[in-house]
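Participant: Based on what follows, work out the 3D shape:
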Amino acid sequence: MHTPGSDPAGHRAAPGGAGKRWTEADGIHIDVRGLPAPEPLVAILELVGSIRDATPVIAHLDRDPTMLYPELAELGWSAEPIDGAPGEVRLRLAPAS
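Facilitator: Presented below is the predicted three-dimensional model:
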């Protein structure tokens, strides 16, 4: 059943409409493609800041988020590029070990 705030695949809009979020076996996904700067950075940092355990975040982006890396490092998180769809930058974000 389609519910407000989600699409038929179950993707739920992030608070404030900044991207879509959903959970899969590999972590919490956030899709910020198509959003104007600085919304992708803000949405990702808000999500990472809300996680209180070691749950990874999979970020789906239009381009390499160079301004995100130092912000993640300050929060004690790391970013690793992973395979994504053609034309997509996909990162696995996790608490640094």
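
Participant: List the buried residues of stretch 55-66.
Facilitator: The neighbour-count check on stretch 55-66 (16 or more other Cβ atoms under 10 Å) flags 56, 57, 58, 59, 60, 61, 65 as buried. C-beta: built from backbone N, CA, C; applies to glycine.

Participant: quick one, longest helix in the protein?
Facilitator: helix 39-50 (DSSP state H).

Participant: If I take the next helix or strand after it and helix 39-50, what angle do their directions form?
Facilitator: Downstream of helix 39-50, the first helix or strand assigned by DSSP states H and E is strand 57-61. Taking axes from the mean of the first three to the mean of the last three Cα atoms, to 10 degrees, one finds strand 57-61 and helix 39-50 inclined to each other by 180 degrees.

Participant: Centre of the chain to the following helix or strand past strand 57-61, how far?
Facilitator: Going down the chain from strand 57-61, the next helix or strand is helix 68-74, by DSSP H and E. On the basis of Cα atoms, centre = their mean, to the nearest Å, helix 68-74 sits 14 Å off its chain's mean C-alpha point.
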